[in-house]
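In: Coordinates for the following, if possible.
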Amino acid sequence: MHPEERQAKIEAYLQKAEFASLEELALHVGSSVSTVRRDVATLETGKLIRRTHGGARTLSPPKTDEYVFNVRDTHQVTEKESVGEACAALVEPGQNVIIDSGTTCFHVARRLGDKVAQIITNSLPIANLFSGSNRHEVHLSGGVIYPRLGTLVGPHAVETFGRMHADVAILSGSGISSDGIYNSHALLVDIQRAMIKGAAKVIFCFDHTKFGRRSTFFLCDFADVDVVVTDAKAPADLVTELRAKGIEVVIAGS
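Out: A predicted model of the protein is given here:
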């Protein structure tokens, strides 16, 4: 692939995703990280993108709403609300909770009420949800703001969760299959792995549309997962397989 073609693909990908790691871009264009690093430097010279620590971001408005938090939160709303309620019921009063930045996790956060004392998150919408409360202590990670998702990403966010410990971590992802859990962004995967390491109990929340899907980046296998919460439309064969692996599967509304 010629450099100009590769750089056009990088720019187009960033137009869609807004923010990506060098590893993610390298995988997308089928080149090495060092080659992509040089492409990113060239694109930055042309004022098309801006380099960040370990990645790049677009400088022009994205042309798609695919990754916008508010848009994504209009998908499978009934299922997400049901999963959020079922997951929140698993949290014991007084526990400290790490909450991931996905829209399903936002529905969990809305239903935690006064059960939890401390909330640790990289989600601006979740932090804002509790910002006016005198009953909650909110720890917001450092990092670079990923504006369209309202998420803090980058090495400072990873470092924050590497220093924290919680009773429970509540996460989501882009897909769950028989071999493990996936997400679509390397920047999010690094943070989620730090969240998993920092929690005594790990709960993943998925609506049924995520079952049987594999996204770009492998997040973790089921050795790192204690509970999966989903809705009644989740495929029965995969639910049975997860339970055979020793995972507690909670079907919301059942």
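
In: if I read this right, residue 147 contacts residue 124, doesn't it?
Out: No: checked against Cβ atoms under 8 Å, the pair residue 147 and residue 124 is beyond contact range at 9.1 Å. Yep, even glycine has a C-beta here, placed from its N, CA and C like the rest.

In: Out of these two, name the residue with the larger neighbour count.
Out: Taking neighbours as other Cβ atoms under 10 Å, residue 147 and residue 124 compare with residue 124 leading, 19 against 14.

In: any idea how far residue 219 is from that one?
Out: Distance, residue 124 to residue 219, using Cβ to Cβ, to the nearest Å: 22 Å.

In: Which residue ranges of the stretch 101-250 of the chain form strands?
Out: Counting by DSSP state E, counting those that start in this stretch, the stretch 101-250 of the chain has strands at residues 118-121, 137-140, 144-146, 151-153, 166-171, 175-177, 180-183, 199-205, 217-220, 227-230, 248-251.

In: for the first one, what is the average pLDDT?
Out: So that's strand 118-121. On average, the pLDDT along strand 118-121 is 94.

In: Run me through the strand neighbours of it, direction for each.
Out: strand 97-99 (parallel), strand 137-140 (parallel) (DSSP bridges).

In: start to end distance for stretch 217-232?
Out: Between the opening and closing residues of stretch 217-232 there is a gap of 26 Å (Cα to Cα, to the nearest Å).

In: typo on my end, stretch 150-160
Out: Start-to-end, stretch 150-160 (Cα to Cα) is 17 Å.

In: Summarise which helices and strands the longest helix along the chain is packed against.
Out: Secondary structure of the chain read by DSSP state H shows that its longest helix is helix 3-17. Here helix 3-17 touches helix 22-29, helix 33-45, strand 49-52, strand 55-58, going by 3 or more Cβ pairs under 8 Å, 6 or more residues apart in numbering; DSSP states H and E.
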